[in-house]
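# coords please:
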Amino acid sequence: MYEPRTFVDKLFLVLKGLAMGAANKVPGVSGGIVAFVGGFYEEFIYSLQKINLKAIKLLFNGRFKSFYRYVNGQFLTLLIFGMLVSYFSISKLLDYFLERKELFVWATFFGMILGSIYYISKDFKHWERKTIIAGILGFVVGISISFLNPATENDNLWFIFVCGIISVSGMTLPGLSGSFILILIGNYVLLLVDSVNALYDTFAEILRGDFSFIKNNERLYTLKILTVFTLGSAAGLVTLSHILTYVLKHFKHITTAVIIGFITGSLGVVWPWKRTVFKTDEAGRVFLDSNGKEIILNYERYLPDFGNSETWWAIFFIILGIFILLGLEWYGEYRKK
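Alright, predicted model coming up:
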């Protein structure tokens with residue numbers, strides 16, 4: 001049973017949710033890293049794991065207070081609230097900077113991942129044959145994912161449900177970026193940009209007393225897609241948490257080694273110095289998808305030019321990212337005292 005939280009603890013929990021939501025939306029970055037380094041990963045997984053048959057029985061029997069306590073409701077409510085707010089605020093800000101200062105955003109997240117590698121591995125003293133092999137496998141998988149070519153968009157509702165499960169993998173598995181995998185399977189723009197913007201626009205219109213969206217078939221279909229995606233995400237959070245609880249209990253050292261290897265391999269995904277490669281025809285014209293968006297093939301990575309002032313600013317943001325993670329670590333250690 002967890003101790004009662006002060007107002008400051010609750011505020012920080014919402015801020016952690018903001019950070020997790022923002023990180024989970026950025027391709028190549030895992031919200032699970034924020035939870036892992038922030039010192040609340042195990043509580044997060046444990047709380048999700050408590051959403052089981054017993055919890056469902058409590059809910060259907062009208063024992064709402066017992067249900068709330070059993071699933072660590074205050075923790076989940078505040079954290080998920082922060083994530084939801086993030087999708088309509090911080091993530092919008094991230095989208096803005098990704099369009100205008102992409103290099104610096106990637107540099108900051110590159111630094112954060114470097115910091116997370118240090119944090120996870122500094123106290124890991126269990127390197128032996130099995131864990132070394134596990135670490136190497138994790139590294140190979142992580143770096144291989146970064147060089148895969150994205151697929152085309154698919155709005156089949158069953159596929160959207162599976163995408164929901166995939167999208168939350170980054171929240172439960174540190175180092176695995178659910179948003180980057182959505183790019184690889186072609187549905188990142190549809191699910192994390194178009195759908196979220198459609199919901200935002202709908203809420204804005206309702207607040208103005210404008211219900212014209214009811215006659216907008218395209219908007220309604222996009223909201224339907226978002227609903228299915230959300231259901232898939234909820235199912236993914238619960239099912240993956242049960243699997244992870246078992247894995248962490250029985251194979252903790254091997255799992256940690258895989259995570260360290262995977263996060264290290266994923267550095268290739270967030271390498272700051274890269275250009276987006278679009279799908280083009282022989283004449284050099286860029287192909288567009290059904291929504292008029294440019295189709296991304298992959299990213300072309302290159303070495304930084306140290307004669308360019310932007311390179312040194314990027315290095316500054318890498319260092320900033322490292323210190324952000326160290327700050328999370330220091331807070332996590334302080335919280336344990």
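# Look up the closest residue to Thr172, ignoring the ones flanking it.
In space, Thr172 comes closest to Leu240 once its chain neighbours are excluded; the distance is 4.5 Å by CB to CB, 6 or more residues apart in numbering. In this view, the C-beta of every residue, glycine as well, is placed from N, C-alpha and C.
# what residue lies at the spatial centre of this protein?
For the chain, the residue sitting closest to the mean C-alpha position, by CA atoms, centre = their mean, is Asn24 at 1.8 Å.
# Distance check, it against Trp127.
With the distance defined as CB to CB, to the nearest Å, Asn24 ends up 30 Å from Trp127.
# quick one on the thing from earlier: which outside residues touch whichever helix or strand the residue nearest to the centre of the chain is part of?
In this assignment (DSSP states H and E), Asn24 forms part of helix 7-25. Applying CB atoms under 8 Å, 6 or more residues apart in numbering, the contact partners of helix 7-25 are 5, 29-31, 33-35, 38, 40, 74-75, 78-87, 89-91, 94, 109, 167-168, 170-171, 177-179, 192, 331, 335.
# What's the mean pLDDT across it?
The average of the pLDDT scores along helix 7-25 is 80.
# swap in stretch 199-214?
86.
# Quick check: phi and psi at Trp127.
Per-residue torsions, Trp127: phi -80, psi 120 (degrees, to the nearest 10).
# Then Asn187?
Here the main-chain torsion angles of Asn187 (degrees, to the nearest 10) amount to phi -120, psi 10.
# Report pLDDT for it.
Note on Asn187: pLDDT of 79.
# could you pull out the helices for the stretch 101-250 of the chain?
102-122, 129-145, 157-167, 169-172, 178-184, 188-189, 195-207, 217-250 (DSSP state H, counting those that start in this stretch).
# For the stretch 151-300 of the chain, which residues score under the pLDDT cut-off?
Where the stretch 151-300 of the chain drops to pLDDT under 70, the residues are 151-152, 174-176, 184, 279, 281, 284, 287-299.
# Could you pull out the strands in the stretch 201-337 of the chain for me?
For the stretch 201-337 of the chain, the strands defined by DSSP state E, counting those that start in this stretch occupy 274-278, 296-301.
# can you give me how far the first one is from the chain middle?
Relative to its chain's centre, strand 274-278 lies at 22 Å (CA atoms, centre = their mean, to the nearest Å).
# Touching, Lys54 and Tyr70? I think so.
Yes - at 7.0 Å, Lys54 and Tyr70 qualify as touching, with contact defined as CB atoms under 8 Å.
# I'd like to know how many residues surround Gly82.
Neighbouring residues of Gly82 were enumerated by other CB atoms under 10 Å; the total is 22.
# give me every residue that touches it.
Taking CB under 8 Å, 6+ apart as the test, what Gly82 contacts is Leu13, Val14, Leu15, Lys16, Gly17, Leu18, Ala19, Met20, Gly21.
# how does it look with 10 Å?
Gly82 sits next to 11-22, 90 when contact means CB atoms under 10 Å, 6 or more residues apart in numbering.
# Closest one to Thr256 out of those residues, please.
Comparing the contacts of Gly82 against Thr256 with CB to CB places Met20 closest, at 19.9 Å.
# Against Leu148, how distant is that closest one?
To Leu148, Met20 is 25 Å away according to CB to CB.
# can you check Leu244 too?
Counting by CB to CB - Leu244 and Leu148 are separated by 24 Å.
# about what we covered before: inside helices: which ones of the contacts of helix 7-25?
Residues of the contacts of helix 7-25 located in helices (DSSP state H): 31, 33-35, 74-75, 78-87, 90-91, 94, 109, 167, 170-171, 178-179, 331, 335.
# In ChimeraX, select just the buried ones from these.
Remark: buried members of the ones in helices among the contacts of helix 7-25, expressed as a ChimeraX selection using 16 or more other CB atoms under 10 Å:
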select :31,33,34,35,74,75,78,79,82,83,85,86,87,90,91,94,109,167,170,171,178,179
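# ok, Phe180 touching Phe147?
No - using CB atoms under 10 Å, Phe180 and Phe147 do not qualify as a contacting pair, with a distance of 11.8 Å.
# Please identify which of the two sits among more neighbours.
Phe180 (22 against 11).
# and the gap between the more buried one and Leu11?
According to CB to CB, Phe180 and Leu11 sit 30 Å apart.
# One more: Ile214?
When distance is defined by CB to CB, Ile214 is 38 Å away from Leu11.
# okay, now Gly32: neighbour count?
Gly32 has 29 neighbouring residues, counting by other CB under 10 Å.
# List the residues that contact it.
Counting by CB under 10 Å, 6+ apart, Gly32 touches 20, 23-24, 41, 44-45, 116, 168-178, 244, 259, 263.
# for the stretch 1-150 of the chain, which spans come out with low pLDDT?
For the stretch 1-150 of the chain (pLDDT under 70), the answer is 1-5, 26-29, 88, 90-92, 94-95, 149-150.
# more neighbours, Met20 and Leu148?
The residue with more neighbours, out of Met20 and Leu148 and counting by other CB under 10 Å, is Met20; that gives 26 against 13.
# Could you find the closest non-adjacent residue to that one?
Leaving out its chain neighbours, the residue that sits closest to Met20 by CB to CB, 6+ apart is Gly31, at 3.9 Å.
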